[in-house]
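Engineer: sequence first, predicted model second:
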Amino acid sequence: MTTALTAVLLTALTACGSGGGNAADDGKITMGFAQVGAESGWRTANTKSVQESAKSAGIELKFSDAQQKQENQIKAIRSYIQQKVDVIAFSPVVETGWDTVLLEAKRAKIPVILTDRAIDSDDTSLYETFLGSDFIDEGKKAAQWLVENSSGPTNVVELQGTTGAAPAIDRKEGFEDVIRSKPDIRIVASQTGDFTRSGGKQVMEAFLKSQPDIDVVYAHNDDMGLGAIEAIKAAGKKPGVDIKIITVDAVKDGMTALAGGEINFIVECNPLLGPQLMDLAKKVVDGEEVPERVVTEETTFTQDQAKTALPDRKY
């Protein structure tokens with residue numbers, strides 16, 4: 001997947017001067033989309049949703065895979081500006097460092113839509129809207145389940161997402177806000193696993209050696225939680241029983257582990273943003289007013305709920 005998407009990135013970056021402003025010429029909208037990468041099952045589902053929705057909406061999509069590097073996203077956005085696309089959408093790798101390139105897009109009169117992740121900027125005129133989840137609320141939902149399903153001293157290890165990324169920052173903040181109400185629950189170790197399964201496994205292996213008493217794993221996404229399961233099994237412990245696991249995303253692999261009792265609770269983060277994104281793109285290109293913030297609808301899953309939902313799960 002990554003190799004194919006990287007090839008698309010190279011095509012996008014070398015196809016400069018292909019003419020722009022298509023919407024003004026023939027009514028067809030051209031969107032430049034700079035994706036984070038292909039680091040997880042969630043991201044793969046998100047990419048598929050964007051690509052399929054663009055096709056259905058009749059929007060020409062120029063797609064790039066940043067391989068989780070901000071500099072690659074900035075290059076892609078500059079390429080889209082040079083190509084004079086009608087609208088730029090991207091899911092920022094990290095929160096900061098976007099003002100300069102987004103100001104270039106603004107001066108070129110190309111509207112920008114943030115998807116999935118927000119940026120940290122004082123200038124909200126640099127983008128039209130932000131479509132995505134409430135990551136702080138996701139962290140709160142995860143913690144609330146733990147508060148309601150734990151008693152006595154509870155040691156938590158946290159597998160954080162990519163350092164500086166909005167979901168990593170916010171899911172940590174939301175979780176900590178709620179567990180403050182229950183002093184028995186303590187985060188005894190916290191480290192980034194970069195939202196990857198291999199990262200989650202590697203960090204969990206280190207936690208199991210450095211922390212003798214782990215009761216709960218809180219993983220910022222399913223993939224890191226699935227990596228933690230591998231490490232827990234290798235250490236001779238039973239995931240979901242000896243060590244409880246809470247994750248965020250609700251992709252099919254995570255839901256399967258939840259249904260099987262190896263994960264205990266999942267907070268949904270819906271990756272299928274494509275249809276809403278294309279609708280917003282058409283509106284901003286037409287000069288229509290759109291909300292500054294569009295929140296996706298999401299739920300949570302227990303083991304029984306996962307069993308019920310899995311047969312019809314689209315991602």
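Structural biologist: It's in.

Engineer: ok, now which ones touch the most centrally placed residue in the chain?
Structural biologist: Among the residues of the chain, residue 116 comes closest to the average C-alpha position under CA atoms, centre = their mean, at 5.8 Å. Residues near residue 116 by CB atoms under 8 Å, 6 or more residues apart in numbering: 36, 46, 91, 131, 132, 133, 271, 273. Heads up, the C-betas are built off the backbone N, CA and C, glycines and all.

Engineer: ramachandran coordinates for it?
Structural biologist: The phi/psi pair for residue 116 (degrees, to the nearest 10) reads phi 70, psi -50.

Engineer: likewise for residue 122?
Structural biologist: phi -80, psi -20.

Engineer: okay, now it: neighbour count?
Structural biologist: Counted by other CB atoms under 10 Å, the residues lying close to residue 122 total 6.

Engineer: where's it relative to residue 110, distance?
Structural biologist: From residue 122 across to residue 110, the span is 21 Å (CB to CB, to the nearest Å).

Engineer: what are the buried residues along stretch 271-284?
Structural biologist: Within stretch 271-284, the residues that count as buried by 16 or more other CB atoms under 10 Å are 271, 272, 273, 274, 276, 277, 278, 280, 281, 282, 283, 284.

Engineer: where along the stretch 101-250 of the chain do the strands fall?
Structural biologist: 112-115, 129-132, 154-160, 185-192, 216-219, 244-249 (DSSP state E, counting those that start in this stretch).

Engineer: can I get those strands in a markdown table including mean neighbour count, distance to residue 170 and mean pLDDT?
Structural biologist: What follows is the strands of the stretch 101-250 of the chain, written out as a markdown table (neighbours: other CB atoms under 10 Å; distance: least, CB to CB, whole Å; pLDDT from 0 to 100):
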| stretch | mean neighbour count | distance to residue 170 | mean pLDDT |
| --- | --- | --- | --- |
| strand 112-115 | 24 | 14 | 98 |
| strand 129-132 | 22 | 11 | 96 |
| strand 154-160 | 23 | 11 | 98 |
| strand 185-192 | 16 | 14 | 98 |
| strand 216-219 | 27 | 14 | 98 |
| strand 244-249 | 27 | 10 | 98 |
